[in-house]
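Asker: got a predicted structure here, sequence first:
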Amino acid sequence: MAESAAAAAPPLTLEEKKAQARARAKAARAAQEAGDAFATVSPAAAAYIKRKASELGRPEGVRLRILAGGCAGLEYNLDLLEPGETATPLDREITSNGVTVLMDLKSAIHVTGSVIDYEDGLLRRGFRISNPNATSTCSCGDSFGA
């Protein structure tokens, strides 16, 4: 038991956390300047979003927000776009597999390089975000730490 505790990585210092945040911001800016997507929508997630948007008479897109909360400190919030909703000057916009994703810069910084997927199985149904920037996640996968 003592060996496993000793083998665990020590918590990050404040300076290390700041350095990681600066690196995420730099990667998000580079992705935007290069015209690369901050995040990718899988074909399964795109099909689900398109189907739900059609059923509700909404545009084929979502707004992704990263909010404080959840078990691990930050949580994903994903909503269908409202009719007529478009990107504001403060938003980042991508199109992946025919689906528009809008997000603010803070959210884009946290999800750069992520894949938004949708699973429909016996035990779990819903979106699953595979985020390379997450330093920790909760067991349900709905929140993460950065």
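Answerer: The structure has been received and is ready for your questions.
Asker: what lies in contact with the regular element (helix or strand) spanning T40?
Answerer: In the assignment (DSSP states H and E), T40 maps to strand 39-41. Residues from elsewhere that reach strand 39-41 (Cβ atoms under 8 Å, 6 or more residues apart in numbering): 49, 64, 94, 96-97, 99, 101, 103, 111-116, 129. Placement of C-beta: from N, CA and C, glycine included.
Asker: tell me where the chain has strands.
Answerer: Ranges of strands in the chain, per DSSP state E, are 39-41, 61-68, 74-80, 91-96, 99-104, 114-120, 125-130, 136-137, 143-145.
Asker: what about this protein, any weak spots by pLDDT?
Answerer: In the predicted model, the chain carries pLDDT under 70 at residues 1-9, 24-25, 27-37, 70-72, 134-146.
Asker: nearest spatial neighbour of the residue most central in space within it, chain-adjacent residues omitted?
Answerer: Computing the C-alpha centroid of the chain and ranking residues by Cα atoms, centre = their mean puts V111 first, at 4.2 Å. Residue nearest to V111 in three dimensions, not counting chain neighbours: A39, with 5.0 Å by Cβ to Cβ, 6 or more residues apart in numbering.
Asker: which residues does the one you found form beta bridges with?
Answerer: For A39, the beta-bridge partners under DSSP bridges are S114.
Asker: and it, how many residues sit next to it?
Answerer: 22 (other Cβ atoms under 10 Å).
Asker: ok, G113 next?
Answerer: 17.
Asker: that one against P132, yeah?
Answerer: Yes - the pair G113 / P132 is scored as a contact, 4.7 Å apart, by Cβ atoms under 8 Å.
Asker: coming back round to it: so which of the strands of the chain comes closest to K26?
Answerer: With Cβ to Cβ, the closest approach to K26 among the strands of the chain belongs to strand 91-96: 14.8 Å.
Asker: ok now that closest one, how far from the chain's centre?
Answerer: 12 Å (Cα atoms, centre = their mean, to the nearest Å).
Asker: ok, now stretch 97-111?
Answerer: Taking Cα atoms, centre = their mean, one finds the center of stretch 97-111 at 7 Å from the center of the full chain.
Asker: next, the distance between the ends of it.
Answerer: For stretch 97-111, the first and last residues are 17 Å from each other (Cα to Cα, to the nearest Å).
Asker: this completes my enquiry, with thanks.
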